[in-house]
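Trainee: Sequence plus the predicted model coming up.
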Amino acid sequence: MIKDLPLNELILRRYEKPYQLEERELVKKICLSLGLLQLGDSRDIIVDILMILNKAAKEKQELTSDEIKGRVVSEREKRRLELKGIADSNIRRQLKRLRDSMIIEKRTNSYRMTEFASLSEIFEQKIEKFLLPQMIERIKEYLSELDRK
């Protein structure tokens with residue numbers, strides 16, 4: 001029995017070039033571009049999580065979910081943003097989404113950007129060179145099968 005559950009899912013969006021965006025806006029556009037955030041989402045906590053982990057990677061730091069939550073709260077308070085979505089369960093869910101997309105990894109009880117790499121390196125190695133070609137190949141298999149019908 002074949003299930004209609006995708007093995008992988010990838011959403012890519014294209015926006016205008018990143019002219020003079022502040023760091024959080026830039027990370028938000030990256031999240032939107034990679035399908036990690038949906039248009040009009042008011043709960044954009046994943047933006048703060050990714051921004052914090054990206055900063056930590058530059059210092060080769062691994063962070064626990066509690067440390068991430070503390071930094072997220074601090075960042076959102078500093079920017080006078082609502083504290084929506086900061087429940088422990090939601091932080092863990094967003095971390096899992098980032099792990100599932102191969103952007104971050106978990107080691108023992110801490111999280112970090114995959115191998116402390118930059119987000120551009122992670123995108124190139126994990127998504128562009130690994131995930132995307134596999135997805136395109138599978139779509140071609142479905143198209144070929146349809147052509148035979």
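Mentor: Perfect, I can see it now.
Trainee: Just give the nearest non-adjacent residue to N109, would you?
Mentor: T64 (5.6 Å; C-beta to C-beta, 6 or more residues apart in numbering). For every residue, glycine as well, the C-beta is placed using N, CA and C.
Trainee: ok, now how distant is the one you found from E23?
Mentor: With distances taken as C-beta to C-beta, to the nearest Å, T64 is found 23 Å from E23.
Trainee: Next, the buried residues of the helix or strand I122 falls within.
Mentor: Under the criterion of DSSP states H and E, I122 resides in helix 119-122. Neighbour-count burial for helix 119-122, counted by 16 or more other C-beta atoms under 10 Å, picks out L119, I122.
Trainee: Show the contacting residues for the residue nearest to N109.
Mentor: For T64, the contacting residues are N109, S110, Y111, by C-beta atoms under 8 Å, 6 or more residues apart in numbering.
Trainee: of those residues, closest to R93?
Mentor: Set against R93, the nearest of the contacts of T64 by C-beta to C-beta is Y111 (13.1 Å).
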